[in-house]
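S.K.: Predicted model and sequence below, questions to follow.
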Amino acid sequence: MTSPVTYSDHEVQVNGLKLHYQEWGEPSSPAVLMLHGFGVSGHMFDEFAARASDSYHLIALDQRGHGDSDWSELGDYSRAAFISDVEGFVKELGLERFVLMGHSMGGLNSAAYTAEYAHRVRRSSWWTSGQRQRRRAWITLCALRAGQMSSISKSS
């Protein structure tokens with residue numbers, strides 16, 4: 001019988017908030033940053049991360065207002081705020097290039113982050129729960145890539 005794969009809990013300060021995250025695998029392995037959907041936490045990736053941790057360094061961020069991360073005192077849950085948090089988080093961890101994946105709200109945030117910071121994202125995988133969200137994520141990504149939007153805050 002094999003031992004269960006365990007994770008470690010960590011916290012960093014970004015944009016005045018404590019952001020909590022779980023980590024699996026070896027830091028020397030290729031990094032995968034995972035963004036959860038609305039109303040859940042990074043623990044939604046527990047089973048996947050346990051299965052993939054022998055090949056990847058998996059990092060599940062509890063986004064602002066979710067899981068064990070702080071809530072925004074200003075009530076700012078705009079797309080721009082989430083993207084700023086992800087970029088600050090990436091800098092705090094010293095991630096240069098990584099795979100980015102997200103589900104639902106995390107999928108929209110992944111698409112927007114990829115459009116804004118494509119130089120950091122090796123590959124991006126995101127899925128959203130509804131046709132409207134998928135269309136919105138795709139339009140945002142295409143518009144930003146085409147230079148039709150100067151800032152991610154315009155798509156919030």
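M.R.: That came through, no problem.
S.K.: mind checking how far the nearest residue to Val14 once chain neighbours are set aside is from Phe38?
M.R.: With CB to CB, 6 or more residues apart in numbering as the criterion, Val14 has its nearest non-adjacent residue at 3.7 Å, and that residue is Gly88. Yep, even glycine has a C-beta here, placed from its N, CA and C like the rest. As defined by CB to CB, to the nearest Å, Gly88 lies at a distance of 21 Å from Phe38.
S.K.: who does the residue positioned nearest the centre of the chain bridge with?
M.R.: Closest to where the C-alpha atoms of the chain average out (CA atoms, centre = their mean) is Leu35, at 3.3 Å. Judged by DSSP bridges, the bridge partners of Leu35 are Leu61, Gly102.
S.K.: residues in contact with the residue nearest to Gly42 when sequence neighbours are not counted?
M.R.: Using CB to CB, 6+ apart and skipping residues adjacent in sequence, the residue nearest Gly42 is Ala60, 3.0 Å away. Contact analysis of Ala60 by CB atoms under 8 Å, 6 or more residues apart in numbering lists Tyr21, Gln22, Glu23, Met34, His36, Ser41, Gly42, His43, Met44, Phe45, Asp46, Ala49.
S.K.: From Ala111, how far off is Ala60?
M.R.: Relative to Ala111, and taking CB to CB, Ala60 is found at 18 Å.
S.K.: The residue nearest to Val14 and Leu61 touch, don't they?
M.R.: No. Gly88 is beyond contact range of Leu61, at 10.8 Å (criterion: CB atoms under 8 Å).
S.K.: Comparing these two, which shows the higher neighbour count?
M.R.: Leu61 (30 against 17; other CB atoms under 10 Å).
S.K.: quick one: that one from Gly39, how far?
M.R.: Leu61 is 15 Å from Gly39, where distance means CB to CB.
S.K.: Touching, Ala52 and Met34? I think so.
M.R.: No. Ala52 is beyond contact range of Met34, at 10.1 Å (criterion: CB under 8 Å).
S.K.: These two: which has the busier surroundings?
M.R.: Using other CB under 10 Å, the more surrounded residue of Ala52 and Met34 is Met34, with 23 against 17.
S.K.: dump the residue contacts of that one.
M.R.: Contacts of Met34 by CB under 8 Å, 6+ apart are Gly42, Phe45, Phe48, Ala49, Leu58, Ile59, Ala60, Leu61, Met101, Gly102, Gly106.
S.K.: This completes my enquiry, with thanks.
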